[in-house]
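Trainee: quick one, structure for this:
(chains A and B)
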Amino acid sequence: MPVSVSVVAVLVIFAIMLGVFALSFIQGLPGVEYSVGLDNFRAVLADAAAIDILLNTVVVGVGTVLLNLFFAVPMAWLFFRTTMPFKTVLLGFIGTGIAIPSFLKAMGWIILLSPQVGVINALLMRLFNLHEAPISIYGLTGVILVQGLMLTPVMFFLIAGAMQRIDPSLEEAAESCGTPRLGIIRRITGPLLLPAISGAALYNFMLAVHIYEVPAILAVPAHVEVISTVIFQTVMQPDAGLPRYGVAAVYGLMLVFPLLVALRAYLRVMQEGFKYGVITGKGYRPKLIDLGRLKHLGLAFVLLYVLLAFLLPFAALVWCSLLPFLRVPSMEALSALNLDSYRHLYMALGGFKPIVNSALLMAGAPALALFISLMISWVLVRLHHQGGQILDTIVMLPMAVPGVVVGVVTLYLVLQFVQPLHGTLWLLIFVQGITMITYGTRIMNAALVQVHRELEEAAYVSGAKPTRILRTIVAPLIAPSLLLGGFWMSMMAFRNVTLALLLYSPENVVVSVRIWVLWREQSSMGAALGVVVVVALFAYVVALQKLAGKQSGLYALTGA
Amino acid sequence: MARRNRVFRDYRERLFTTETRSTQSSEYFLIKNSFLRDLGACPPPGRRASAVQFPSSCNESAVARLATQKPEYPRKRTTITAGVTVVGVLLATLALAQQPTASTSSAGAPAALKKTIEAARQEGQVIAHDLDFSPAAYRNVEAAFNKHFGLNIKITWAPFDNYPTDSAKAITEHKSRATPSVDLLRTGERQVPLLVEAGAIQKVNWTPLLAPGTPSEADLHKDLSLVWKSNIYCTAFNSKKISAKEVPGSWWDLADAKWNGQIVTPPWAGSYVADLAVWLGKMSQEELLNRLRAVVKNKPILQSNSDIHNRLQIGELRLAFWIPNDFQEELRRKGLPMECKAMDYIPVTNHLVVVRAGARHPNAAALLAAFMAGPQGFKLLEAEARGNYLYPESYQSMEFQKLKASGLPALNRGTDLNYAKWLASKEYEDLNAAISRALRGR
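Mentor: Numbering: from 1, shown residues only, chains lettered A, B, ... in the order given. Presented below is the predicted three-dimensional model:
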């Protein structure tokens, strides 16, 4: 079953990528009168700034990943390997931050650090008698800061499961030999987490280079362009006519090459997976490290992240929701605060349907993605067949392509081959699930690599079939990764607007689309709905943790 | 006095129906047709009353006073002279049914309208692109629409993204023979020819559906689209941060070094620059690009409309160029001192709605389009700071007159047919692309 499911799923993804490749040669819309040629490539390569744009994009990607690593790895260690206090609430903040729209996060930072109106700059200039603002949020640094904070939870949840499953006896053995703590992290913990971290870094890099709103707001005013802003300005908002999806596809294909290079390094790490197996048939019990007085330092570190990535943007969201139009904080603005935006929220949401649809989407898409991801990862990690690497490569390719291009190709394929599904919630669940397989396979790869094959071999020898082995041995052992990955995917499914808009029909309207529409029509009401959603999701995350486990957060401990 | 009062009351009875009084003073009065016939007017048969518009200085008392100045009136009903002058009378036919329900009931409407209404009633719902209204306004639209046609139709508002993307989706659906995801599509002047070419628009004979008082120019592309709102694109500026005098009057003034780093405009600025060069200035492409490079030395910033709006709102920008003026109006109403100043010329852009070919609810969609383009739809639009320049009383129209007073030429991008042809030409597309590249410093 794993092989057949993997092949079918990958064929679907391959069909989409083939469509993207074909689109790069088309001038016009797929399926409509169009011409075929190299004009799209000429349009992209003739751009004198193409190299600069690509370099800026890579800088944003690398910078974002470095900031992610700075926050995500220590936080994952603190949450899942130590006795740091207040984990439930703090995990709620980390998990819920995704619900705050990224453009609002960028606007929030402008309110703080704009050279013209930034509140912090105004304070510093008054305090130190400065003539010019000392800090500017504009430019690549600002983009890296905001995106780095924004994407940290993605990496956090990608490595959380692997972090949780490390056998402490390995670290204890090193400690008993006199190895200092930093040395243990460098020589034992770090290498054991390498598959998870490399997968997370790869995924986050591709995610970072495709975000549009943050560089549009923070880079463009500083005359810095990246691929996503170029795509929007020249492709999606052309001065005339229809979008030039073919040109967008070419930009996406440009990113495939660095992706393939990075993927090769990642697959080499995965090939040596046997080195990272920590869950074996021998005695194994994960244990939490008592930080002692250092727990306050750890807590301060996490609180710093929560302040920068959640509390400040959430405060900006609340501020926007209470004003008739966007304003920087001032005494005059304080007098205009009101709750008008909250009065008609249910009506603005459009009833109960978007909530029900969103709930189904948040359950269905991750379930589909995790199931298929597990099958694909099992083929890659266990079968050690060349085919496994090909499958994993194909699964990663959609990450290189702008989401709107994937959406357009998917729409076209759906209209051609499965038209009855057009406009249904099932289609949205299916497409979202397929697009999340990339994320799911990073989690599953890292999780499966940690489970030593001897456990499965023992079951095999005893006559168990692969399906039963997967269900009764593998799945329970990687349950933390399944739960954490599933949780994060549900948040991603909730948040995705691009696909929800492209595939929209009244039957499949979801909350993220309503927030998006409201934000455009009346920013205060969009912000108000955002506040309510964040609070609701926070409660959901905290409740989920209480249900799932009592010890250290969002997982259930299993083991020998 | 008593006799005068009795006459006055009689006249008032004759003047105004017992059912309604106009709630908008100096707009329309409902006057009994029997009285109008006495005055020598010819209201349509079969109606009890008509809506009549008077000069704004008139009001109910004035009309009644004029009527009572003829003491012989009670005895000479058929010989009332034209003591009341009616200038610019619009006779709107109102069928007042015995029960006050719909303004347009099946009984009196022309056959085509009646047929469409009945078909819409069978359809029961319509899916239309949203109108950039506040959430409460959508309920008002639905209520007013249903009341106007005597229907009980549910309107589902689909999210509108932008003209290129939504039109592309419509064409893709149409070519795949899929059921359209929306019945009533919002689109732009540039996209209509493309939709027509793809066959994605259903032709509708708008004339019988349009309410009296709808400007004829609303039927912009003859049976294809209706204008439901318009915009004037101008320089948006915060009058507390920069005075109108300081705001440049010409795009070419931006070549001055003092504008370095302050030129913020949406990506479509190129099409307005193209207008300056080709349509108004008759420049060669080489001359245009040379002049443009002088402006580009000041490093213009191209950002989306919504990003520019946000930056203007928080006060980070003093001004921005080629911004649709309904944005300024909306913020003005909320208390922000935003103003609009034209640059070189006054471009008026029309925003259109079309019925999708193969729509699930075509009749309901056609009626909704006609309603939004009509006087009632226009009033709802104005309440949301979305104007329609085709109506003289619209703030858009008044703004247009104010800008025209500066002596600048105006260009209605949709109604000038030669311009529309050029907009659809390869020459325009190539020029636009060259301008875009230049604006981005390429």
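
Trainee: any idea how far the residue of the stretch 401-550 of chain A found nearest chain B is from B:Y233?
Mentor: Relative to chain B, the nearest point of the stretch 401-550 of chain A is A:L415 (3.6 Å; C-beta to the nearest C-beta). Quick note: C-beta positions are derived from backbone N, CA and C, even for glycine. Relative to B:Y233, A:L415 is positioned 35 Å away (C-beta to C-beta, to the nearest Å).

Trainee: how many residues are close by the closest residue to chain A within the stretch 251-400 of chain B?
Mentor: Nearest to chain A, among the residues of the stretch 251-400 of chain B, is B:Q313, at 4.0 Å (C-beta to the nearest C-beta). A count of neighbours around B:Q313, defined by other C-beta atoms under 10 Å in any protein chain shown, yields 24.

Trainee: check contacts around the residue lying closest to B:W206 once chain neighbours are set aside.
Mentor: What sits nearest to B:W206 in space, not counting adjacent residues and going by C-beta to C-beta, 6 or more residues apart in numbering or on different chains, is B:D219, at 4.9 Å. Taking C-beta atoms under 8 Å, 6 or more residues apart in numbering or on different chains as the criterion, B:D219 is in contact with B:W206, B:T207, B:L210, B:S225, B:L226.

Trainee: A strand includes the third one, no?
Mentor: No: going by DSSP: H, G, I helix; E, B strand; the rest coil, the assignment for B:L210 is coil, not a strand.

Trainee: what strand or helix carries the spatially closest residue to it that is not a sequence neighbour?
Mentor: Once flanking residues are discounted, B:L210 sits nearest to B:A370: 5.1 Å by C-beta to C-beta, 6+ apart. Assigned by DSSP states H and E, B:A370 falls within helix B:362-373.

Trainee: what sits up against that helix?
Mentor: B:116-117, B:119-120, B:123-126, B:128, B:131, B:141, B:144-145, B:148-149, B:151, B:153, B:155, B:183-184, B:202, B:204, B:206, B:209-211, B:214, B:218, B:226-228, B:353-356, B:359, B:377, B:380-381, B:388.

Trainee: what's the next secondary structure element after it?
Mentor: helix B:375-383.

Trainee: pLDDT averaged over that next one - what is it?
Mentor: If you average the pLDDT over helix B:375-383, you get 92.

Trainee: and stretch A:304-318, by the same measure?
Mentor: In the prediction, stretch A:304-318 has an average pLDDT of 91.

Trainee: what's in contact with it?
Mentor: So stretch A:304-318 is contacted by A:71, A:75, A:90, A:93-94, A:96-97, A:100, A:104-105, A:107-109, A:111-112, A:149-150, A:152-153, A:527, A:530-531, A:534 (C-beta under 8 Å, 6+ apart).

Trainee: out of those, who's near chain B?
Mentor: With C-beta under 8 Å from any C-beta of the partner chain as the criterion, the contacts of stretch A:304-318 include A:M107, A:I111 near chain B.

Trainee: of all residues in the stretch 1-150 of chain B, which one is closest to chain A?
Mentor: Using C-beta to the nearest C-beta, B:P135 is the residue of the stretch 1-150 of chain B that sits closest to chain A, at 3.8 Å.

Trainee: give me the number of neighbouring residues for that residue.
Mentor: Number of residues near B:P135 (other C-beta under 10 Å) recorded here: 23.

Trainee: with B:R186 instead?
Mentor: B:R186, neighbours per other C-beta under 10 Å, totals 24.

Trainee: roughly how far apart are it and A:L499?
Mentor: For B:R186 relative to A:L499 (C-beta to C-beta), the value is 21 Å.

Trainee: got it, and B:A120?
Mentor: 32 Å.

Trainee: what about the helices in the stretch 251-400 of chain A?
Mentor: Assigned by DSSP state H, counting those that start in this stretch, the stretch 251-400 of chain A shows helices spanning A:295-306, A:312-321, A:331-334, A:340-343, A:345-349, A:353-383, A:386-396.

Trainee: just checking, what packs against the stretch of helix or strand B:N432 belongs to?
Mentor: Taking DSSP H and E as the definition, B:N432 sits inside helix B:426-439. For helix B:426-439, the elements it packs on are helix B:269-274, helix B:285-296, judged by 3 or more C-beta pairs under 8 Å, 6 or more residues apart in numbering or on different chains; DSSP states H and E.

Trainee: lowest average pLDDT across the ones you listed?
Mentor: When the helices and strands packed on helix B:426-439 are ranked by mean pLDDT, helix B:269-274 comes last with a mean of 85.

Trainee: does any bit of it sit next to chain A?
Mentor: Yes: residues of helix B:269-274 contacting chain A under C-beta under 8 Å from any C-beta: B:G270, B:S271.

Trainee: so which residues on the stretch 201-350 of chain B come close to chain A?
Mentor: So far as C-beta under 8 Å from any C-beta goes, the stretch 201-350 of chain B lies against chain A at B:264, B:266-268, B:270-271, B:299, B:301-304, B:306-307, B:310-311, B:313-316, B:331, B:334-336.

Trainee: and the residues you listed, which are buried?
Mentor: Buried by 16 or more other C-beta atoms under 10 Å in any protein chain shown: B:264, B:266-268, B:270-271, B:301-304, B:306-307, B:310-311, B:313-316, B:331, B:336, out of these.

Trainee: with adjacent residues omitted, what lies nearest to A:F205?
Mentor: A:G61 (4.4 Å).

Trainee: average pLDDT for stretch A:347-363?
Mentor: For stretch A:347-363, the per-residue pLDDT averages 88.

Trainee: so chain B: which segments form each domain?
Mentor: Per automatic domain parsing, the structural domains of chain B span B:2-94, B:111-226+B:351-383, B:231-350+B:393-439.

Trainee: neighbours of B:E217, how many?
Mentor: Neighbours of B:E217 under the rule other C-beta under 10 Å: 13.

Trainee: residue ranges in the chain under the pLDDT threshold?
Mentor: In the absence of a named chain, chain A is used. For chain A, the stretches with pLDDT under 70 are A:31-33, A:234-240, A:270-286, A:384-386, A:548-560.

Trainee: my bad, chain B
Mentor: B:1-33, B:35, B:37-109, B:416-417.

Trainee: would you say B:K229 is within a strand?
Mentor: Yes: counting by three-state DSSP, B:K229 falls inside a strand.

Trainee: OK, contacts around it?
Mentor: B:K229 neighbours (C-beta under 8 Å, 6+ apart): B:D326, B:N350, B:H351, B:L381, B:R386, B:G387, B:N388.

Trainee: correct me, but A:F80 touches A:P168?
Mentor: No: using C-beta atoms under 8 Å, A:F80 is not in contact with A:P168, being 11.7 Å away.

Trainee: neighbour count for those two, which is higher?
Mentor: A count of neighbours by other C-beta under 10 Å puts A:F80 above the other of A:F80 and A:P168, at 27 against 17.

Trainee: burial check on the closest residue to the more buried one other than its chain neighbours, number of neighbours?
Mentor: Closest residue to A:F80 apart from its sequence neighbours, by C-beta to C-beta, 6+ apart: A:Q164 at 4.2 Å. Applying other C-beta under 10 Å, we find 23 other residues in the vicinity of A:Q164.
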